[in-house]
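Trainee: From the sequence below, what's the structure:
(chains A, B, C and D)
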Number of protein chains: 4
Amino acid sequence: MNLQNSDYASQASPLGGGGGIVRAGIVGGAGYTGGEMLRILINHPNVEIAFVHSSSNAGNHVYDVHTDLFGDTDLKFAAELAYNIDVLFLCVGHGDAKKFLEANPIPENIKIIDLSQDFRLKNDVSSHKTRTKEFIYGLPELNREAIKEAKNIANPGCFATCLQLGLLPLASKGLLNSEVHVTATTGSTGAGQSPSATTHFTWRNDNLSVYKAFEHQHLNEIGQSLKQLQAGFDEPINFIPYRGDFTRGIIASMYIDTDVTEADALKLYHQYYDAHPFTHVTSRDIDLKQIVNTNKCFIQVKKHGNKLLIISILDNLLKGASGQAVQNMNLMFGLDEKAGLKLKATGF
Amino acid sequence: MNLQNSDYASQASPLGGGGGIVRAGIVGGAGYTGGEMLRILINHPNVEIAFVHSSSNAGNHVYDVHTDLFGDTDLKFAAELAYNIDVLFLCVGHGDAKKFLEANPIPENIKIIDLSQDFRLKNDVSSHKTRTKEFIYGLPELNREAIKEAKNIANPGCFATCLQLGLLPLASKGLLNSEVHVTATTGSTGAGQSPSATTHFTWRNDNLSVYKAFEHQHLNEIGQSLKQLQAGFDEPINFIPYRGDFTRGIIASMYIDTDVTEADALKLYHQYYDAHPFTHVTSRDIDLKQIVNTNKCFIQVKKHGNKLLIISILDNLLKGASGQAVQNMNLMFGLDEKAGLKLKATGF
Amino acid sequence: MNLQNSDYASQASPLGGGGGIVRAGIVGGAGYTGGEMLRILINHPNVEIAFVHSSSNAGNHVYDVHTDLFGDTDLKFAAELAYNIDVLFLCVGHGDAKKFLEANPIPENIKIIDLSQDFRLKNDVSSHKTRTKEFIYGLPELNREAIKEAKNIANPGCFATCLQLGLLPLASKGLLNSEVHVTATTGSTGAGQSPSATTHFTWRNDNLSVYKAFEHQHLNEIGQSLKQLQAGFDEPINFIPYRGDFTRGIIASMYIDTDVTEADALKLYHQYYDAHPFTHVTSRDIDLKQIVNTNKCFIQVKKHGNKLLIISILDNLLKGASGQAVQNMNLMFGLDEKAGLKLKATGF
Amino acid sequence: MNLQNSDYASQASPLGGGGGIVRAGIVGGAGYTGGEMLRILINHPNVEIAFVHSSSNAGNHVYDVHTDLFGDTDLKFAAELAYNIDVLFLCVGHGDAKKFLEANPIPENIKIIDLSQDFRLKNDVSSHKTRTKEFIYGLPELNREAIKEAKNIANPGCFATCLQLGLLPLASKGLLNSEVHVTATTGSTGAGQSPSATTHFTWRNDNLSVYKAFEHQHLNEIGQSLKQLQAGFDEPINFIPYRGDFTRGIIASMYIDTDVTEADALKLYHQYYDAHPFTHVTSRDIDLKQIVNTNKCFIQVKKHGNKLLIISILDNLLKGASGQAVQNMNLMFGLDEKAGLKLKATGF
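Mentor: Below you'll find the predicted structure:
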């Protein structure tokens, strides 16, 4: 890739975090998270999309790939990067973000929001070459103030967001003192765009299956966050992920042993999340579709004997990926945290 | 129902069609179309929801029924109407709109947008008592100028919108000169909220079935509109509706015999719809999910021998109901036609 | 109900367990489990259906209700019982089996297979009036020899079968010595035929939700069986049931803490099930659809650290209900255990 | 491929059409139709599977590919053919059957049932090299007597079977005298096992789309059959195929202009099909799932004004492929036409 403009600095928009228009570039715009980024940003009141990069689709209209966007935008995929931008979203695969940044040094004045897992772990030595840049783990419910000041963001994983939002309030009070038992089911978009045996409609329709039991890669970032709030935490998180027969959403059920009452737990969760606009706590029954196509997370808290049961639901592509990335951008640029994210739920 | 305020006229907002805030009331807010109305209006930049009426749910939070709205609004269902509003949306069942207006005389200065079929047919004598009010058939692609001046709107049916948008350009040039052959499949939300044998998950999942073949009630309003554009039109419309195994959307395939070439047909459709922001014409293949959760309609036009094939897709609850109702409101109050309707597609 | 034939005894077929034809009656033939019973028995090589009773459908053809059976049988629902039968299947709701037997004393020479939960628990005093009859808990993998000699069978619940088949081998060796953690998801047929909010297609499609967490009624029969094999068992079974967005099948994942190796566990499970024709053990990944529309149960056993993970799948209406009922009948009458149950899997 | 046994003739089982056991070989056993063939034949009372050939899976267990068959059979895929068989099922792709037979001359005494489209058209000169063998078009409802005497069978296509069964009775009386209007929707298994954009779960779930409108390749064999019964038939068959969001089944709606009354039409259809055990005529509403996982076809006949509407449903992999292939085998070998095909419907 070549620079379209080596004199980017002088052209970068002087946004200064006080409003104005954020100029955004997207790398990897042809995938699922890239598509969701586009669906959000074309209607974001404070964003101008400077370019959408895709090597495989360069020159094609965005609606050639994201066909629902026909009529909404005449944007085309770009073969080259431009640096007269304020923020760059990396929507490439795991491992590819690191490679991209090694091959394409991004100026310091451009903020990076990376949706891959490449920069989520603080002690991950494999990314030392690119560790000249500092990445803040972009979970607003954990790191909101740091995100506001951050230069670069490592956007959390979808399961990781769902599980952390279910557990953070407990960790914040040092209450995670037993094994954590978690089962969670994800939609097919979590597996990405490439067709495979387990995303074949004939196989997946009406089907459920377990994968990566006890070994899901998101356990690392979850553990890191819980330790950030509860320093001595070292309980096992027994995590059974399921492939679901739907396209969008994650539902997780988690429980621990605890003496905390339901009333106290609800109070704690409410306090923890009351200042956060997308995460909502309830004692009522919840179901997955309530949050599909939104940036919201619903959390149900209920006590059964000595067990505290927490159910957490979110849309894996929004609060679990692109929506949260935009939320992070909003925080970084001093915008309304909900700007562009007041999304109509599918509902049904 | 009692008036909360008999002095409504003096309190009605003096919007005057030039911007400002439209105060909206919703009757029948607990059903599917009422829910969609709420999902749209709570984020509409020019609307304030004055009340949401529901006799069965009065006093309950809106999110008790439309559970996805938890965290978005603290609105409650009202037992009574208020008349300090600019527009009233009637989201009640077929037949009930007529009854409601007979029981609740609505002042002339309040515009009514009725989503039922009660006022769609001009010569329907069964509604003579309420015919003191004049209703314009609210299909913007047919009646945009009349809608802008309308006092009251009869919002079109979902199948009716889908089929008319596929046929109007032909009728506008007098080109419907053979039988019209139509098959269309609708999502389960078209059947409403009450559980029934054909909306039981166990029955409907993975199932398709034909119903009301050649006899669907929307044929009347379709015929009325086609005659409005092509005075002598009296060809049969052979319409086979299907129940689909999905919740949202309608896909219709229609064909006629014609000598018009594909190129000329495409030109005609483009001309007809180019000034309409939600209806988009293409020669490419389309699929139902492209428009789910949006107010858009996609139309594919293609010639096969002597047959012109038109495929039309829309979301039955949005462009086929509540979205179109808001589009009509926007036109009636001089707002941007797309205000509040730049909805993120579900995509997947 | 009246007796069609008070002289039933002399007409009862002298089957004697050695082959011949079993005459079967079905009570509650219009529900889901009654329908499955019919689908199996009309092709069972050793069974003649004497009558299918249904008060609400008396006089109607069986295919008026179970519409897929059109062309397969001209049976009609009967208003009255007949007693010249060898076996009576009770396919009525929970609580109704007890009431039925109180109102309709069934002669001793007719074997009863009850699919409700009314007679599953040995110490359930609520059923003392009907406790003049003895019921054997009809899980062949637990009680095969007793079933062969049984006069009457209490057929296990669907979740109960799925979970027990996953745990019985461990209990048989006294290896259940930690809490048992279970999550399981069921198809919509588990909720029966009556439409409800949670079986409405619009709600359930693409949706998952937790219900009866830690409190599912099947925990009682599961506990009873585990104690039968491991006398001192009193560990909690933490059971989170989910409603799934498919019609047929249950998938359960269970884990315990144990020092048993994977190899030893596999050996144990293989030994336990090798003589049972429908339950198959594997170390490979399994998925729900593998067993849909069959009487089979697949069990995957895998070790992760100190956890032994067991995944169990079955069809809730077959191995979890009507198929197991026929399996029990086969055993009781000395037939091939698989007779009538070599069912073609749906596969996809 | 080499002959395992060049002396096959002397070892071929002398079945003679009078009962006994038919030895069957399957080529292409790893695909969908091959899998269904196995699911049927392992329980067929008169068949022994001699071998299942698959080049890509040679040496693997059948249940490695068709994972639901675990516990049902220990068969392995064979790398080589054996000729001590009575019948050979070709379950390979279109074009590949022809190539296979050119590369592997099959002795005259082995009957061939080919599931591809390679030998369906009588005047297809492209297959002249293999036209040393004669193939009868294997639709029992059209050619039953010829099938009984046939050496080789060209098994009909899935759409082709569904549409022909809807139209044959009319053609048999010369009543197809207007254009035929057909829309039909197929399950994803119709598209085969290879993953593709239109079989990706994320794309196909809850989606419908039109493909090959007016141009589907099955129109040729349909036209050939209709002309066989109604010599002068040359009306257009306007066929709009849809991709459905389910895995199994085809539902077709067809109509023509005719003066024939509904009563006469029903009488005609009943007469035509009364001797055929799998095709059933009704005036009641039907729905796709009634025939899923069976070899049955249901046909609804209804008059609307001057239009005769015919709805036809079948399972694309059974009556539309492998089930019909076995039905043909049964006829060819003098077995009960329903042997091995009394399949339990999925029902839900």
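
Trainee: Quick check: which helices or strands does the helix or strand hosting residue A:310 pack against?
Mentor: Applying DSSP states H and E as the criterion places residue A:310 in strand A:307-314. Applying 3 or more Cβ pairs under 8 Å, 6 or more residues apart in numbering or on different chains; DSSP states H and E, one finds that strand A:307-314 contacts helix A:158-172, strand A:250-257, strand A:297-304. (C-beta placed from N, C-alpha, C; glycine too.)

Trainee: how far does the second one sit from the chain's center?
Mentor: How far strand A:250-257 lies from its chain's middle: 19 Å, per Cα atoms, centre = their mean, to the nearest Å.

Trainee: ok, now the longest one?
Mentor: Using Cα atoms, centre = their mean, we find the averaged C-alpha position of helix A:158-172 to lie 13 Å away from the chain's own average C-alpha position.

Trainee: relative to strand A:297-304, how tilted is that helix?
Mentor: 50 degrees (axes from the mean of the first three to the mean of the last three Cα atoms, to 10 degrees).

Trainee: Name the stretch from the helices and strands packed on strand A:307-314 that approaches residue D:72 most closely.
Mentor: For residue D:72, the closest of the helices and strands packed on strand A:307-314 is strand A:250-257, at 33.9 Å, according to Cβ to Cβ.

Trainee: Pull up the pairing partners for that closest one, direction included.
Mentor: strand A:180-186 (antiparallel), strand A:307-314 (antiparallel) (DSSP bridges).

Trainee: returning to what we had before: so for residue D:21, which of the helices and strands packed on strand A:307-314 sits nearest?
Mentor: Comparing these by Cβ to Cβ, strand A:250-257 comes nearest, at 51.4 Å.

Trainee: Please see if whichever helix or strand comes after the closest one touches chain B.
Mentor: Downstream of strand A:250-257, the next assigned helix or strand under DSSP H and E is helix A:262-273. No: Helix A:262-273 does not reach chain B (Cβ under 8 Å from any Cβ of the partner chain); its nearest approach is 9.9 Å.

Trainee: Tell me the helices and strands packed up against helix A:262-273.
Mentor: Packed next to helix A:262-273, using 3+ Cβ pairs under 8 Å, 6+ apart, are helix A:158-172, strand A:279-282, strand A:297-304.

Trainee: can you list those in CSV and add mean neighbour count and mean pLDDT?
Mentor: Listed next are the helices and strands packed on helix A:262-273 as CSV, based on neighbours: other Cβ atoms under 10 Å in any protein chain shown; pLDDT from 0 to 100:
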stretch, mean neighbour count, mean pLDDT
helix A:158-172, 26, 98
strand A:279-282, 23, 98
strand A:297-304, 22, 98
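
Trainee: So for residue A:230, which of the ones you listed sits nearest?
Mentor: That would be helix A:158-172 among the helices and strands packed on helix A:262-273, by Cβ to Cβ, at 4.1 Å.

Trainee: how far off helix A:262-273 does that closest one point, in degrees?
Mentor: 110 degrees.

Trainee: Could you export helix A:158-172 as CSV, CA atoms only?
Mentor: Extracted as CSV, the C-alpha positions of helix A:158-172 are listed here (Å, rounded to 0.1, in the frame of the first residue of the first chain):
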residue,chain,number,x,y,z
CYS,A,158,-18.0,-10.6,21.6
PHE,A,159,-18.1,-13.4,24.1
ALA,A,160,-15.6,-11.5,26.2
THR,A,161,-17.9,-8.5,26.3
CYS,A,162,-20.9,-10.5,27.2
LEU,A,163,-19.2,-12.4,30.0
GLN,A,164,-17.4,-9.5,31.5
LEU,A,165,-20.5,-7.3,31.6
GLY,A,166,-22.1,-10.2,33.6
LEU,A,167,-19.2,-10.4,36.0
LEU,A,168,-17.5,-7.0,36.4
PRO,A,169,-19.8,-5.7,39.2
LEU,A,170,-18.9,-8.7,41.3
ALA,A,171,-15.2,-8.4,40.6
SER,A,172,-15.4,-4.7,41.5
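
Trainee: which helices and strands sit right next to that helix?
Mentor: With 3+ Cβ pairs under 8 Å, 6+ apart as the test, helix A:158-172 has helix A:140-149, strand A:180-186, helix A:219-229, strand A:237-243, strand A:250-257, helix A:262-273, strand A:297-304, strand A:307-314 packed against it.

Trainee: okay, those in CSV with distance to residue C:87 next?
Mentor: Listed next are the helices and strands packed on helix A:158-172 as CSV, based on distance: least, Cβ to Cβ, whole Å:
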stretch, distance to residue C:87
helix A:140-149, 60
strand A:180-186, 40
helix A:219-229, 52
strand A:237-243, 39
strand A:250-257, 41
helix A:262-273, 48
strand A:297-304, 40
strand A:307-314, 43
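
Trainee: re earlier: the helices and strands packed on strand A:307-314: which one's closest to residue D:179?
Mentor: strand A:250-257 (50.3 Å).

Trainee: which parts of the closest one are buried?
Mentor: A:250-256 (16 or more other Cβ atoms under 10 Å in any protein chain shown).

Trainee: swap in stretch A:255-265?
Mentor: So, applying 16+ other Cβ under 10 Å, buried residues of stretch A:255-265: A:255-256, A:258, A:260, A:265.

Trainee: Same question for stretch A:193-201.
Mentor: A:193, A:195, A:198-201.

Trainee: can you give me phi and psi for residue A:323?
Mentor: phi -60, psi -40 (degrees, to the nearest 10).

Trainee: now it, nearest residue through space, not along the chain?
Mentor: residue A:295 (3.6 Å; Cβ to Cβ, 6 or more residues apart in numbering or on different chains).

Trainee: what sits against the one you found?
Mentor: Residue A:295 makes contact with A:278, A:315, A:318-319, A:323-324, A:326-327, A:341, A:343, according to Cβ atoms under 8 Å, 6 or more residues apart in numbering or on different chains.

Trainee: Just the ones of those in helices?
Mentor: A:323-324, A:326-327 (DSSP state H).

Trainee: rewinding a little: just the buried subset of the contacts of residue A:295, please.
Mentor: Counted by 16+ other Cβ under 10 Å, the contacts of residue A:295 give A:278, A:315, A:318-319, A:323-324, A:326-327, A:341, A:343 as buried.

Trainee: Closest one of the residues you listed to chain D?
Mentor: The nearest member of those to chain D, counting by Cβ to the nearest Cβ, is residue A:315 at 13.6 Å.

Trainee: Surely the closest one is in contact with residue A:298?
Mentor: No: using Cβ atoms under 8 Å as the test, residue A:315 is too far from residue A:298 to be in contact (10.9 Å).

Trainee: who touches both of those two?
Mentor: residue A:291.

Trainee: which residues sit in contact with the residue in the stretch 1-150 of chain A that chain C sits nearest to?
Mentor: Here the residue of the stretch 1-150 of chain A nearest chain C is residue A:32; by Cβ to the nearest Cβ that distance is 16.6 Å. In this structure, residue A:32 makes contact with A:189, A:192-193, A:317, B:348, D:202, judged by Cβ under 8 Å, 6+ apart.

Trainee: Counting only helices, which of the buried residues of stretch A:193-201 make the cut?
Mentor: In this view, these that belong to helices under DSSP H are residue A:201.

Trainee: of the buried residues of stretch A:193-201, closest to chain D?
Mentor: Using Cβ to the nearest Cβ, the buried residues of stretch A:193-201 come closest to chain D at residue A:195, 3.3 Å.

Trainee: Now that closest one: closest residue in space that isn't a chain neighbour?
Mentor: Nearest to residue A:195 is residue D:195, by Cβ to Cβ, 6+ apart, at 3.3 Å.
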